[in-house]
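Give me a 3D structure for the following:
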Amino acid sequence: MAVLRENPYGEFNFLVDLGTGDTEGPEAGFQEVSGLGQEVEVIEYRNGNDKVNAVRKLPGLTKVPDVTLKRGVIGSLALYQWLRDASSRTVRVHLQNEDRSAIVMSWTLVRARPVKHVAGPLDAKGSDVAMEELTLAYERLEIE
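Predicted structure coming up:
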């Protein structure tokens, strides 16, 4: 699905599917998605009789960081209820091109489950939008 082009895509047109198939409406509207990525641990190994005095670097386990989703508080309890239910889902984040006519790249979080839900801060002198954030732990990242 990834669409190659010379100039990079903007970060501001994306869809989030929380495992419900819905990417429309206020409950699917997020301001920010952060933490998408993965890392392969390195295992250092060396035989005692190796001719070179250096370790070999072998690939180890793949680790994925938690992903954080942020949106304005809209009066929906769906994120809190998902956290309370502690069920896992397949979550997808789709990057769109500038005119939103095509998905150009997708990240799939396999067996994602919420591990933290935070609202606020609330400030009587502030003029910002009240925000909530959901942190997801997941087992594997697939990129297409």
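
Run the chain-centre distance for stretch 90-109.
Offset of stretch 90-109 from its chain centre (C-alpha atoms, centre = their mean, to the nearest Å): 12 Å.

can you list the residues that contact that stretch?
Here stretch 90-109 makes contact (C-beta atoms under 8 Å, 6 or more residues apart in numbering) with 1-3, 9-11, 13-19, 23, 33, 36, 64, 67, 110-112, 136, 138, 140-144. All C-beta spots, glycine's among them, are computed from the backbone N, C-alpha and C.

If any of those residues are buried, put those into a ChimeraX selection.
This is how ChimeraX selects the buried members of the contacts of stretch 90-109, with burial counted by 16 or more other C-beta atoms under 10 Å:
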select :14,15,16,17,18,23,33,64,67,112,136,138,141
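
partners of the lengthiest strand in the chain in the sheet?
Using DSSP state E to define each element, the chain has its longest strand at strand 103-119. Using DSSP bridges, strand 103-119 pairs in its sheet with strand 89-96 (antiparallel), strand 131-137 (antiparallel), strand 140-143 (antiparallel).

Any buried residues in the longest one, and which?
Applying a neighbour-count criterion of 16+ other C-beta under 10 Å, one finds 89, 91-96 buried in strand 89-96.

Pull out the buried positions in the longest strand of the chain.
103-109, 112-114.

Just the CA atoms of it, as CSV, please.
Extracted C-alpha coordinates of strand 103-119, given in CSV (Å, rounded to 0.1, in the frame of the first residue of the first chain):
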residue,chain,number,x,y,z
ILE,A,103,-4.1,6.2,1.7
VAL,A,104,-0.4,6.3,1.1
MET,A,105,0.9,4.4,4.1
SER,A,106,-0.6,2.4,7.0
TRP,A,107,0.6,1.2,10.4
THR,A,108,-1.2,-1.7,12.0
LEU,A,109,-0.9,-2.3,15.8
VAL,A,110,-1.5,-6.0,16.3
ARG,A,111,-3.2,-7.0,19.6
ALA,A,112,-3.3,-3.4,20.9
ARG,A,113,-4.8,-2.7,24.3
PRO,A,114,-5.1,0.5,26.3
VAL,A,115,-2.8,0.8,29.3
LYS,A,116,-3.4,4.4,30.3
HIS,A,117,-6.1,7.1,29.9
VAL,A,118,-5.4,10.7,30.9
ALA,A,119,-7.6,13.7,30.7
